[in-house]
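Student: Make a model of this:
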Amino acid sequence: MTKCDFDKRERFGIRKFTIGACSVLIGATLFGTQISADQLENVDNLSEPAVELSSVGNEHVEKTEAEEGMSPISTDEKAVTEELNGEASVSDSREEKLPSAPSDNPENKLEDTEEAEDKEVDSSDSGLLLSDFPQVEDQGIRPKEIKFDNWDQVLAWEPGARPDDDLNRASVELVERFRGHVVNERANENAKVEALSNTNSKAKDHASVGGEEFKAYAFDYWQYIDSMVFWEGLIPSPDVIDAGHRNGVPVLGTIFYNWSSSIEDQEKFVSSLRQDPDGSFPVARKLVDMAKYYGFDGYFINQETTGSLVQPLGETMRNFMLYTKEYAESIGYPITYSWYDAMTYEYGRYHEDGLGEYNYPFMEKEGDKVPADRFFANFNWTRAKNNYSIEVAKRIGRDPFDIFAGFELQRGGSYKTQINWDALFDENGKLKLSLGLFAPDTITSLGATGEDYHENENIFFTGYQGDPTKQKPSDKNWYGLANLIADKTAITSSNFNSSFNTGHGKKWFVDGKVAKDGEWNYRSVSGILPTWRWWIEASGEKLAATYDFDDAYNGGNSLRFTGDLEKDGKQEIKLYSTKIPLSETSRLRVAHKGGQGANISLALALEPDYQFANKEAWRLLKLSGDWQDQTFDLSSLAGKTVYGVQVVVENEAALSDFDFRLGQLAIYDQENSPTAPKDGQVLAKRLKNAQDAEAVISFTGTDDADYYEVYAQVDGQWKLLTGSSNIRIYLPQLVRSAQAEGRTQALKVHAIGKNGLRSEAGEFIFDWEMTVKDTSLPKPLAENIVLGAEVIGSSFAKKEGGEGIEGMLNGTITSLSDKWSSHQLSGHVDIRLTQPRTVVRWAMDHAGAGGESVNDGLMNTKDFDLYYKNENGDWVLAKEVRGNRDHVTDIVLDKPIRAQEWRLDVLTSDNGTPWKAIRIYNWRMYEELDMETPNIPMTHAVARHLGNHQIQVGFKDVPANRKIALYSSPDAVKPLAELESTESGNLIFDPIRFESLPEFIYYRTLEEGKDWSNLLAIRVPQGEKVVKAMEWIAPLEKKFTDKVVLYRLQEHNSV
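Tutor: The predicted structure follows:
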């Protein structure tokens, strides 16, 4: 074998930039802490009757007085503090990486960190809670991606231990696919595609199951890929798994070892390969157990750590992979591995840019097993290297199409990336190995809206020619993967239904009517989209085909076909490749709208080569300007197989402005609707106020359901809340109006069957435990007036790829690509607002706000200025910022400035990161300040009944310089008591005596220089506690009971 010179060859590899997380651990008990209560100003109790405050819905377990140790008041005050700090400790495991060497591409760094408010609180330092005091479970109910800090946490993992485990499990099994007739003569039916995608939002308040935004990476070209890698971490989120499985595509997690040679990272690698005395690998077993529990299909191994500890472990790594396969088979859950071209078998890290003499053992068979199922070649491949990879694959008995030539799409900007296509083709012009896509999600940065994403994705997969059967235009470099890869269909059962749901939308429609008038992305309910986009054979000009997100039948969008039809025209719109067996009970259901003046038929191909000549398999639609839902009998075709579906438009007279929508298509032999969901219940809830809550619900589902729709009754109307394929569902926003009466709200769930039929409703109740009058709503936040602005000038070169200047003007953070980035490290950008505005506040969201360099701020913009153009046309300095490391700079200008044109001048791009670039996620400006103080959440406030009608109230995580006032009723003007903090921490009021216990205590918060907050309330425990003895402590002695808190920052190593 030929030896390579490792030192002289410059290589580029996949990098992931992440750093250790800091978690805030709220300190110990009220006693013995490091902060004295001199930091607090205590205000005497007032004479109004008092109430006890408690987190709505909390429960407690009674214990005996002896067990509770009720003696001095100070003990009770200690319990209040312990109650505030004593949350259940559940590991928010995060997979985070510490880079040790710079990468050639700064945009390949992935950050898996969150803001401190999302960190869970460790209770190890707090004393025992007194049992009659309910715990404040303030770790939140919003499900988050599952992360791990180290391999010990992986080994400690147990199924169901996390509160959100059930929400994070996949619900859709992987279906088999069928490769039909190959429609493009250049497509190689053996070639495959693997996609490594950053699939999820990086906003700090996002949930792992979806969200309430339209702009999202709602991938819908599953027919051309063979595996989807969740690049964000070890455990893919359930919505991605469900979407992939419904379309027949396995979804993998990522095992990431840093690009590093540090001892710390080498030890992490060694730790993952630890062995039991019998030689087995405990981490491998846990990886399989987790994949089985959460329902995904394997792992992509990105091993880029090198050094003296790593170099001898090539054989151990191979054995680890083989053992994984053996164990997986033993428990009946086989998984697959993908391997990245970085680690060699004997020499540490070295990118061969293909399968070669230094890395082939990771692909070489051991009996009937293989360590890695797929090999992702580094990006610097050439024709010679690809030919050598194929030669090595054949030599070790592997299929050359198990080798994937890597496309670095983040650097180039999706389909604008320059690819050496000729190095991939054989003598017939077809692919000779498979394709690996790194960061295909970068395509979201090429457009401003959800609709733009799909238009760009069409170019990526179908090509500029817009037809999967046609060849690349001669003036374009990008082929479109449909030119080169044969499609595969997941439509192989006797029951098929699609409402063409892409998994996100601007509204949600049910039977043609709006059921949710708001944006959403719930990818777990995304359907099977048309196989061919768009294969249209026309006698004249082809109709234009698009998704319509403004008018749909079910879900978020319909298919829309528009254009002018010439006289005696015919359009054949081929939609789906299928393999559907027909029986005596088979039916065809079509929902459609428009198209008047033409004859429109739904035609089925009964031959594998997609011939639609048999008119017995055509059904003529009855057209109308309103949505029509028609069902046709297919029993005459029993015993035959449907291989394709198309729409045929025929017209005699010329038609201008032809417009036709297809809203739903189903072929099924099961005519029954699913049974109604039952046993609905609210598992958890968190009230923001009496009109806005989040919740987790569960119910008993049915095997023939494809997904579920959840509704709430609002002012007598049923409004859709969310859709999910799970039977445990997170509701991010349950609301009721100010006119709502009572304390409960009706919820209902419908099952949507695999045949497209909707079940009867299963109804149950959400108990708010208060009326809408018990709290008030916060004021709306000020409007970001940069939205809609246009770029009118720049000293930066025009960028062909993604992440252009417009990316920082949309006000969103939906992904790592939803930003402006530039490798030119200084310069200015000029924008024009929609009209002249009087600006009082200016804010910038830097790299850390989007999940990059969160812990050290090194990627955040360091020095920059804001200018405006005055009436004389001169640029005038409005504000300068120097030495910034904050993730967000939010500045009140020295004086209001009225102007329409503004300039951002970046002087220093960052704070010394080796991956130098400007990274700005948002440029925001406002005409007014948010003057209302944000109130302390109700989940951060508790009350304790001390007995004898005495109530003590405490607040957790109160910011510094906040005053909290307690009230006896929503209308009370005079407070029961007031207390002010001078440092951030917990705030404990002195006990308040009541003549009779009220149901609630109400409170507001005031920040200096702002207005009082909205009103919130917490329920008072009504069970009275008899105290045998009470010892009052002099004020000087009990001053520490007013407020004590200890913060500690803890750095977490990562896997």
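Student: hey, let's count contacts and neighbours off CA atoms from now on
Tutor: Fine.
Student: Tell me how far residue 608 lies from residue 588.
Tutor: Going from residue 608 to residue 588 by Cα to Cα, to the nearest Å gives 19 Å.
Student: Compare these two (neighbour count), which wins?
Tutor: More crowded of residue 608 and residue 588, by other Cα atoms under 10 Å: residue 588, with 18 against 15.
Student: my read: that one touches residue 629, true?
Tutor: No - counting by Cα atoms under 8 Å, residue 588 stays clear of residue 629, with 10.6 Å between them.
Student: where do the strands sit along the stretch 301-450 of the chain?
Tutor: Counting by DSSP state E, counting those that start in this stretch, the stretch 301-450 of the chain has strands at residues 336-340, 374-377, 403-408, 434-438.
Student: Averaged pLDDT, the second one. What do you get?
Tutor: Just to be clear, that refers to strand 374-377. In this model, strand 374-377 has a mean pLDDT of 99.
Student: Out of the strands of the stretch 301-450 of the chain, which is closest to residue 733?
Tutor: Proximity to residue 733 (Cα to Cα) singles out strand 434-438 among the strands of the stretch 301-450 of the chain, at 34.3 Å.
Student: what's the angle from the closest one to strand 403-408?
Tutor: On the basis of axes from the mean of the first three to the mean of the last three Cα atoms, to 10 degrees, strand 434-438 is oriented at 30 degrees to strand 403-408.
Student: Direction included, what does strand 434-438 pair against?
Tutor: strand 193-197 (parallel), strand 403-408 (parallel) (DSSP bridges).
Student: Now render those as a markdown table, adding mean neighbour count and mean pLDDT.
Tutor: Below are these laid out as a markdown table (neighbours: other Cα atoms under 10 Å; pLDDT from 0 to 100):
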| stretch | mean neighbour count | mean pLDDT |
| --- | --- | --- |
| strand 193-197 | 23 | 98 |
| strand 403-408 | 27 | 98 |
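Student: Relative to residue 515, which of those strands is closest?
Tutor: Residue 515 lies closest to strand 193-197 among the strands paired with strand 434-438, at 31.5 Å (Cα to Cα).
Student: Heading C-terminal from the closest one, find the next helix or strand.
Tutor: Per DSSP states H and E, the first helix or strand lying C-terminal to strand 193-197 is strand 227-230.
Student: Need the residues that contact that following strand.
Tutor: Applying Cα atoms under 8 Å, 6 or more residues apart in numbering, the contact partners of strand 227-230 are 193-199, 236-237, 244, 249-254, 299-300.
Student: can you do 10 Å?
Tutor: Strand 227-230 has contacts (Cα atoms under 10 Å, 6 or more residues apart in numbering) with 192-200, 222, 236-237, 240-241, 244, 248-254, 297-300, 338, 374, 436-439.
Student: Please verify my assumption that residue 651 contacts residue 569.
Tutor: Yes - under the contact definition of Cα atoms under 10 Å, residue 651 touches residue 569, with a separation of 5.4 Å.
Student: Do you know the pLDDT at the nearest residue to residue 653 once chain neighbours are set aside?
Tutor: Spatially, and ignoring its direct neighbours in sequence, residue 653 is nearest to residue 567 (4.7 Å; Cα to Cα, 6 or more residues apart in numbering). Looking at residue 567, its pLDDT reads 96.
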